[in-house]
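Asks: Give me the fold of what follows.
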Amino acid sequence: MSLIRTFVSWFIRFWSSIICRIEHKSLTTVPKHGPLILAINHIGSLEVPLFAALLQPRKTIALAKIETWNNKPLGWLFDLWGAIPIHRGEVDLEAIRRCLIILKSESMLVVAPEGTRSYNGRLQRGQPGISFITLRSGSPILPIVHWGGENFGANLKRFKRTEFHIRVGKAFTLDAKGQKVTREIRQEMADQIMYQLAVLMPEQYRGEYKDCNPPPTKYLRFA
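Replies: Numbers count the residues shown, from 1 in each chain. Predicted coordinates for the structure are as follows:
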């Protein structure tokens, strides 16, 4: 399975370099060791396999909606990378349990706080689930954003390469400041995580978090 995963990752990198122009130098700043939650924005189906391939040889495991496995080729690919299926719109305790195991093993967990694709590339409201996982695991969060992939389908039809930009921010942890963590506080934490994504993006992509100068950081603790 490891050899198959290595080959698939190589093929994705090779294939994407032909149909995309990928600006990914900042990925070299991603830590090589230790548990880490990668908080990313979610535009379409391109970024998940692309990030998994580009971040090799680090083991990268993503949360994915359970409906993904209705597509057999995509389901096989996600199984190959050990993706965790999650039932959206409910508290999926089994998915949370598996996330905590992954982080305890010092792997990287990819979480899209928005919970669903934006398609147009603009940020949507983040969901509080990422706050729960982060607080329970104690793992640091590293914000990573990308844009340009929203044009992938249209560009492919016109045989045009897609400009795919990637930016990596600064890692931080969540600190509840000794307060009881209510759902409202988890949501506030999720919003502050999303603001860290927004500041990395061009203004037209900031969406729900366009008022990010300066971003609120009450519950964020930077190294």
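
Asks: Surely His146 is in a strand?
Replies: Yes. Residue state for His146 (DSSP: H, G, I helix; E, B strand; the rest coil) corresponds to a strand.

Asks: So which bits of stretch 215-223 are buried?
Replies: 215, 219-220 (16 or more other Cβ atoms under 10 Å). Quick note: C-beta positions are derived from backbone N, CA and C, even for glycine.

Asks: quick one: the strands in this structure?
Replies: Here the chain has its strands, by DSSP state E, at 20-23, 36-40, 60-65, 84-86, 108-111, 141-147, 162-168, 172-174, 220-222.

Asks: Any chance of those in a markdown table with mean pLDDT and distance to Pro49 as columns?
Replies: Below are the strands of the chain laid out as a markdown table (pLDDT from 0 to 100; distance: least, Cβ to Cβ, whole Å):
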| stretch | mean pLDDT | distance to Pro49 |
| --- | --- | --- |
| strand 20-23 | 94 | 12 |
| strand 36-40 | 97 | 13 |
| strand 60-65 | 90 | 9 |
| strand 84-86 | 93 | 15 |
| strand 108-111 | 95 | 11 |
| strand 141-147 | 97 | 13 |
| strand 162-168 | 96 | 13 |
| strand 172-174 | 98 | 27 |
| strand 220-222 | 97 | 30 |
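
Asks: For Asn71, find the nearest of those strands.
Replies: When those are compared by Cβ to Cβ, strand 60-65 sits nearest Asn71, at 10.8 Å.

Asks: mind listing what that closest one pairs with, with the direction of each?
Replies: strand 84-86 (parallel), strand 108-111 (parallel) (DSSP bridges).
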